[in-house]
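Trainee: below is the sequence, then the predicted model.
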Amino acid sequence: MSVNKFGGSANTMLTNSTSKYVDSKTLTANLSGKVNKTGDSLSGDLNILLTDDSLRTFGVPDITGDKSVSLLLGDINNQIRHNHGHAVKHASTHGFSFTCPSGEICKFGSNKSRFFTEINMNNNNITDVKTPTDDKDAVNKEYLLSRHSKNSVGLIPMLYANNDKTGFQVSASSEPNFFAYNIFNSYSTNAWSPTTGINYFVKVKCPNPVIVYRFQLRGKTLAKASYRLELHGSTNDYNWILLFKDENALLNDQISTFDCTYLNLYSIFKIIVLSSDATVHGFTYCQLFTMDPIV
């Protein structure tokens with residue numbers, strides 16, 4: 001029996017060579033089923049597990065210059081694409097649908113976008129609204145003003161009670177001595193006096209929704225005092241929209257006029273004094289002025 005220089009027989013060498021050949025074939029077969037990191041195509045699902053990690057990053061982290069990244073969702077007409085330096089684009093042949101466990105939220109399509117729940121603008125404006133053509137279209141401020149005229153006659157009649165027979169209801173944050181209706185009665189010698197000069201208000205509930213473009217107030221002192229003043233509007237007495245704000249509104253015993261910056265239909269209005277340096281707090285007169293529709 002022949003012996004190689006390492007002490008193994010010839011048969012042993014043949015066996016080792018055969019083993020290496022078999023192992024090489026097995027490795028080649030296994031590698032052929034793996035993804036090549038330099039680029040490849042998959043014919044099955046690819047699941048990336050977190051296992052014990054708390055974060056797994058997936059994507060292209062080094063887009064620069066004139067490069068682009070695209071995630072195809074079937075074809076080039078359905079993709080999420082980012083051209084460096086530009087907004088990320090979402091392309092879809094049939095639009096986008098956003099859902100949650102409670103149902104559809106909204107749909108974006110080539111014809112119309114549809115929302116299936118209420119939209120809360122979080123006290124932000126909706127801008128560039130077109131002139132309405134349908135009865136249920138939103139109305140922009142320009143169109144609204146074109147269909148209304150400013151009424152120079154005050155809205156609130158002479159009141160003789162907080163819950164007046166005319167349909168107007170008034171109230172105040174505190175009425176220790178005189179009721180709020182006194183500031184809407186020119187014959188009354190009484191005035192409404194809050195117990196504090198901070199965060200006090202007068203509220204007016206109208207019989208019907210109106211657009212208030214202006215309001216008037218009169219203070220209780222001869223010298224002018226500074227007021228942090230706001231006017232809010234509401235349709236339900238708990239969701240309030242800011243119609244006017246002045247950090248340094250001046251009031252004395254003469255009537256002062258203030259114009260609103262936001263116009264819309266409301267049935268309840270609340271005048272709020274956040275703070276004031278007046279020596280005597282409260283009002284002796286209040287009035288609202290409306291935009292009346294042109295019939």
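Mentor: Looks like it arrived, so ask away. Keep in mind that this is a model prediction, so the values were computed, not measured.

Trainee: next, count neighbours for N208.
Mentor: 7 (other Cβ atoms under 10 Å). Every C-beta, even on glycine, is put in place using the N, C-alpha and C of the backbone.

Trainee: confirm that it sits in a strand.
Mentor: Yes: counting by DSSP: H, G, I helix; E, B strand; the rest coil, N208 is found in a strand.

Trainee: please verify my assumption that W240 contacts G233.
Mentor: Yes: the pair W240 and G233 qualifies as a contact (Cβ atoms under 8 Å) at a distance of 7.0 Å.

Trainee: the more surrounded of the two?
Mentor: G233 (24 against 18).

Trainee: list residues touching both of W240 and G233?
Mentor: Counting by Cβ atoms under 8 Å, 6 or more residues apart in numbering, the residues touching both W240 and G233 are K270.

Trainee: do you know how far N122 is from I241?
Mentor: As judged by Cβ to Cβ, to the nearest Å, N122 and I241 stand 12 Å apart.

Trainee: the more surrounded of those two?
Mentor: Using other Cβ under 10 Å as the criterion, N122 and I241 rank with I241 on top: 13 against 5.

Trainee: ok, and the closest non-adjacent residue to the more buried one?
Mentor: Among residues not flanking I241 along the chain, G233 sits closest, at 5.1 Å (Cβ to Cβ, 6 or more residues apart in numbering).

Trainee: for the helix or strand where the one you found lies, enumerate the helices and strands it packs against.
Mentor: G233 is located in strand 225-234, with elements delineated by DSSP states H and E. If contacts are counted by 3 or more Cβ pairs under 8 Å, 6 or more residues apart in numbering; DSSP states H and E, strand 225-234 sits against strand 200-218, strand 240-251, strand 265-276.

Trainee: averaged pLDDT, it. What do you get?
Mentor: Averaging pLDDT along strand 225-234 gives 96.

Trainee: roughly how far is it from the heart of the chain?
Mentor: 23 Å (Cα atoms, centre = their mean, to the nearest Å).

Trainee: neighbouring strands - and their directions - for that strand?
Mentor: Here strand 225-234 is paired, per DSSP bridges, with strand 240-251 (antiparallel), strand 265-276 (antiparallel).

Trainee: return the next helix or strand after the first one as CSV; C-alpha atoms alone will do.
Mentor: This points to strand 240-251. Heading C-terminal from strand 240-251, the first helix or strand you meet, by DSSP H and E, is strand 256-259. Extracted in CSV, the C-alpha atoms of strand 256-259 (Å, rounded to 0.1, in the frame of the first residue of the first chain):
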residue,chain,number,x,y,z
SER,A,256,-64.9,102.0,21.7
THR,A,257,-65.3,100.0,18.5
PHE,A,258,-63.4,96.9,17.4
ASP,A,259,-63.5,95.0,14.1
